[in-house]
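Participant: Here is a sequence with its predicted model. Questions after.
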Number of protein chains: 2
Amino acid sequence: MTIIDNRRVALSRRGQRMPASPIRKLMPLADAAKARGIRVYHLNIGQPDIETPACMLDRLKQIDDRVLAYSPSSGTPAFLQSLRSYYEHRLGLSLEIDQILATTGGSEAILFAFMACANEGDDILVVEPFYANYLSFAAMAGVNVVPVTSRGREGFHLPERAIWERTVTPRTRLVILCNPSNPTGTVYRRDELEMVVDFCREHGLFLISDEVYREFVYDGRKAISALELAGAEELVVVVDSLSKRYSACGIRLGALVTRNAEVYDACLRMAQGRLSPPGLAQFIAVGAESLGEEYTRQIVSEYQRRRDVLYEGLTSIPGVFLEKPEGAFYCVVRLPIDDAERFAAWMLSDFEHEGETVLVAPARGFYASPLGGNEIRIAYVLKEEDLRRSVELIRIALKQYKEG
Amino acid sequence: MTIIDNRRVALSRRGQRMPASPIRKLMPLADAAKARGIRVYHLNIGQPDIETPACMLDRLKQIDDRVLAYSPSSGTPAFLQSLRSYYEHRLGLSLEIDQILATTGGSEAILFAFMACANEGDDILVVEPFYANYLSFAAMAGVNVVPVTSRGREGFHLPERAIWERTVTPRTRLVILCNPSNPTGTVYRRDELEMVVDFCREHGLFLISDEVYREFVYDGRKAISALELAGAEELVVVVDSLSKRYSACGIRLGALVTRNAEVYDACLRMAQGRLSPPGLAQFIAVGAESLGEEYTRQIVSEYQRRRDVLYEGLTSIPGVFLEKPEGAFYCVVRLPIDDAERFAAWMLSDFEHEGETVLVAPARGFYASPLGGNEIRIAYVLKEEDLRRSVELIRIALKQYKEG
């Protein structure tokens, strides 16, 4: 008897390539530790514990629609006006309504920007270490990630122009950076950003500026939006999000902002494809633009205290190195060991101190180059006492690990 | 003085290719008509006027989270359990939690499915006329849409196997169909679906079954889910959505359902990239699975009455042709004119009767072949009296148009 096999369906290559999240990679080990009764401090994920503003939570009770209907693809007029007012009053930037596209989180804005600015097979320059999910969107968009490496010993500030010039090729279409930076906490200076704009102008590249942490800057710094930079009007696509600004990560609401009408129009057509951004989120976000500087100041000083606790604690551990983070609520920390991923896994599987341990993200997944093997990324969204305790656990773990 | 021009940034080819929505194309003309004081009946868009269920609206008032935090990338456990229970009790389908991925509307499920099942440059077979936004997701995924044409005179049922065999190539990776169909209202019979499954098995193709209208079937029909079909476990990816089932289009919540573990896993990694599906939507959706058959029956009989009004009205207009729609709340109607788009635009710009006119979607944009030029798509989501009036306006408009 002859059995004729049917052809088997095969997952696409990009489906195979799609990276797993390095931030969530060790979660199974953390879950197992918890199952053994161990308390695990989560330093791996940027989920703030700050309350969502009351004005947004109150709006939830005010929804009286009987039909939860589609909103316009670009966003509701009220939400777009809210964003426009935020840009005008908080950033001093005058924008038209058709330069702002409401998106499903900053995530969708990144995907739209990649797709509008680069073709399949094109190269994109990504300042590394980078927000690891850029790799996911790059895989979806079919573009090649080419790293431009920033160095911990320079506080992860941008490398000099010569490095950029050596990296660009005729296939390069865009530069993406995150300012203030997840994962490094670096806030780029005006001169650095102007250098990048000049570089992009010279080579005909778009500049995608992921500014979802722009409120989170310390020691009196001010984050510079790429929208402020002279001569960059046609180049710049800003990725924005309400997730961190208002501690509302779960509502999935963000925006793509650009003065390039062609890019806006292409992204609007993608937005029409998916019909609408989330409607309940847009409704509750209206009004948040009137939260004043005092709101931001309180949150920022809270995070600055947390940063100080973390920085002072970590730098007091022998062999641990980091420059003082300038913004966002992350830092990349060099450890006095070879394999930070093995150490991070070991902390969950083989270590505990007084029934507690720590979950950190190995930094390897935030690089496209073979770098970061001895680094971890820490999100300092925990309360000061928990951060202090976490640092202490890392200190003890490192000592045991090196001795074991 | 020599001015050295900088290179200009250029929109990507896919950004240029991205289609505008044929459903919203005539909106500017409709807006202009409204500005002239004309009442415009919207037959172009499938936004139901049915109220969102009270149990979902009530849940909005019950949200007492102080932090609107990220949910798991695959969806909250409660929402996934709700979907699982719906599939079990309403469809008799037993699914595991890791076969259901919560998505941002059915839209995201389609994009994920295309990307997991096909590579850039691959062909996908799409039963035409099709939901126009498949073109947007295909453009984003960089795949070529190859139409398999269904014909109005056959009630838009699937063409015979020989047609499929003539269309498939070594570059074909998947088939996508919508059942019940937007835009045709066709509900595929078991024998048609089994033919497609057999065809897919023979050629190693995935079958993406868009079932977001599965509740909307008339005259005692039952929609068959591709998940029920024998021998299709590895092939089938179902696109689901709460938008129409619960008249909750604006919350942007859907699901991708597959028993193919590789596809699920690739889509989960894409889902990790975008972090979470909308959280408020997931919260209010929990409990909707307990809405019984009575809930569906009432809505379906309401739509069936509307369908009857529309069908009887349209078929009484000389030269107008459609088979009786079997499901969903759309139909594709052949008009006794050459250029349905020009007619649709004319109804908005040059026609009114007693201060009223109608907005319909030209069907051309629902085809990849050069077909549908004399067809329109109608969504019958208006109340019976408004549908009656709309049909009357179309009758009068057609008469004037042909005489003028």
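Facilitator: Perfect, I can see it now.
Participant: Close to chain B: what parts of the stretch 151-300 of chain A are there?
Facilitator: A:173, A:200-206, A:234-235, A:247-252, A:260, A:262-263, A:266-267, A:269-270, A:272-281, A:284 (CB under 8 Å from any CB of the partner chain). Bear in mind the C-beta positions are built from the backbone N, C-alpha and C, glycine included.
Participant: Take those and keep only those in helices.
Facilitator: A:200-203, A:262-263, A:266-267, A:269-270, A:272-273, A:279-281, A:284 (DSSP state H).
Participant: which of these count as buried?
Facilitator: Those of these that meet the buried threshold are A:200-201, A:203, A:262-263, A:266-267, A:269-270, A:272-273, A:279-281, A:284, by 16 or more other CB atoms under 10 Å in any protein chain shown.
Participant: Mind jotting down where the helices sit in the stretch 1-150 of chain A?
Facilitator: Under the criterion DSSP state H, counting those that start in this stretch, the stretch 1-150 of chain A contains helices at A:13-17, A:27-35, A:54-62, A:77-91, A:105-117, A:134-141.
Participant: want to try a markdown table for these, with mean neighbour count, mean pLDDT and distance to chain B as columns?
Facilitator: A markdown table is the format used below for those (neighbours: other CB atoms under 10 Å in any protein chain shown; pLDDT from 0 to 100; distance: least, CB to the nearest CB, whole Å):
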| stretch | mean neighbour count | mean pLDDT | distance to chain B |
| --- | --- | --- | --- |
| helix A:13-17 | 17 | 93 | 3 |
| helix A:27-35 | 15 | 94 | 10 |
| helix A:54-62 | 15 | 95 | 5 |
| helix A:77-91 | 18 | 97 | 12 |
| helix A:105-117 | 28 | 98 | 4 |
| helix A:134-141 | 24 | 97 | 3 |
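Participant: what would these look like in a markdown table with distance to B:Asp122?
Facilitator: Listed next are those as a markdown table, based on distance: least, CB to CB, whole Å:
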| stretch | distance to B:Asp122 |
| --- | --- |
| helix A:13-17 | 10 |
| helix A:27-35 | 33 |
| helix A:54-62 | 43 |
| helix A:77-91 | 37 |
| helix A:105-117 | 17 |
| helix A:134-141 | 15 |
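Participant: Nearest to B:Leu229 among those would be which one?
Facilitator: helix A:13-17 (22.7 Å; CB to CB).
Participant: Send over the closest one as CSV, restricted to the C-alpha atoms.
Facilitator: Extracted C-alpha coordinates of helix A:13-17, given in CSV (Å, rounded to 0.1, in the frame of the first residue of the first chain):
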residue,chain,number,x,y,z
ARG,A,13,10.9,32.3,7.9
ARG,A,14,9.9,35.6,9.6
GLY,A,15,7.7,33.6,11.9
GLN,A,16,10.7,31.6,12.9
ARG,A,17,13.0,34.6,13.2
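Participant: Run through the neighbouring helices and strands of that helix.
Facilitator: Secondary-structure packing of helix A:13-17 (3 or more CB pairs under 8 Å, 6 or more residues apart in numbering or on different chains; DSSP states H and E): helix A:134-141, helix B:105-117, helix B:261-273.
Participant: Against chain B, how distant is A:Ile224?
Facilitator: Distance of A:Ile224 to chain B, computed by CB to the nearest CB, to the nearest Å: 21 Å.
Participant: and the nearest residue to A:Asn260 once chain neighbours are set aside, what pLDDT?
Facilitator: Spatial nearest neighbour of A:Asn260, excluding adjacent residues (CB to CB, 6 or more residues apart in numbering or on different chains): A:Glu234 at 5.1 Å. Note on A:Glu234: pLDDT of 95.
Participant: Please identify the buried residues of stretch A:372-392?
Facilitator: A:372-382, A:386-392.
Participant: Next, the distance between the ends of that stretch.
Facilitator: Start-to-end span of stretch A:372-392 (CA to CA, to the nearest Å) is 23 Å.
Participant: Give the rounded mean pLDDT of it.
Facilitator: Computed over stretch A:372-392, the average pLDDT equals 96.
Participant: ok so, going back, just checking, the residue nearest to A:Asn260 touches A:Arg259?
Facilitator: Yes: with contact defined as CB atoms under 8 Å, A:Glu234 reaches A:Arg259; the gap is 7.1 Å.
Participant: how much space between A:Ser243 and A:Val196?
Facilitator: Per CB to CB, to the nearest Å, A:Ser243 is found 25 Å from A:Val196.
Participant: all strands of chain A, in order?
Facilitator: A:39-42, A:100-103, A:123-128, A:144-149, A:172-178, A:206-210, A:236-241, A:254-258, A:330-334, A:356-359, A:361-362, A:375-379 (DSSP state E).
Participant: Contacts for the fifth one, please.
Facilitator: Right, strand A:172-178. Here strand A:172-178 makes contact (CB atoms under 8 Å, 6 or more residues apart in numbering or on different chains) with A:110, A:113-114, A:117-119, A:122-127, A:130-131, A:134, A:143, A:146, A:148, A:158, A:188, A:196, A:199-200, A:203, A:205-213, A:328, B:12.
Participant: For chain A, which residues score under the pLDDT cut-off?
Facilitator: A:1-7 (pLDDT under 70).
Participant: Pop the domain breakdown of it in here.
Facilitator: What automatic domain parsing lists as the domains of chain A is A:16-45+A:293-403, A:54-290.
Participant: do you know which of the ones you listed lies nearest B:Gly313?
Facilitator: domain A:54-290 (24.9 Å).
Participant: show me the contacts for A:Asp123.
Facilitator: A:143-144, A:146, A:169, A:171-173.
Participant: ok, now how distant is it from chain B?
Facilitator: For A:Asp123, the distance to chain B equals 13 Å [CB to the nearest CB].
Participant: what pairs with that residue across the strands?
Facilitator: A:Asn144, A:Thr172 (DSSP bridges).
Participant: how far away is it from A:Thr172?
Facilitator: 5 Å.
Participant: Over to A:Gly372?
Facilitator: 23 Å.
Participant: Kindly report the same for A:Ile38.
Facilitator: From A:Ile38 over to A:Thr172 (counting by CB to CB), the distance is 47 Å.
Participant: Quick one: neighbours of the spatially closest residue to A:Gly319 that is not a sequence neighbour, just the number.
Facilitator: Computed as CB to CB, 6+ apart, the closest residue to A:Gly319 that is not its neighbour in sequence is A:Pro336, at 2.7 Å. Using other CB atoms under 10 Å in any protein chain shown, A:Pro336 is surrounded by 13 other residues.
Participant: Kindly report the same for A:Leu93.
Facilitator: For A:Leu93, using other CB under 10 Å, the count is 16.
Participant: Since that was my last question, I'll sign off now.
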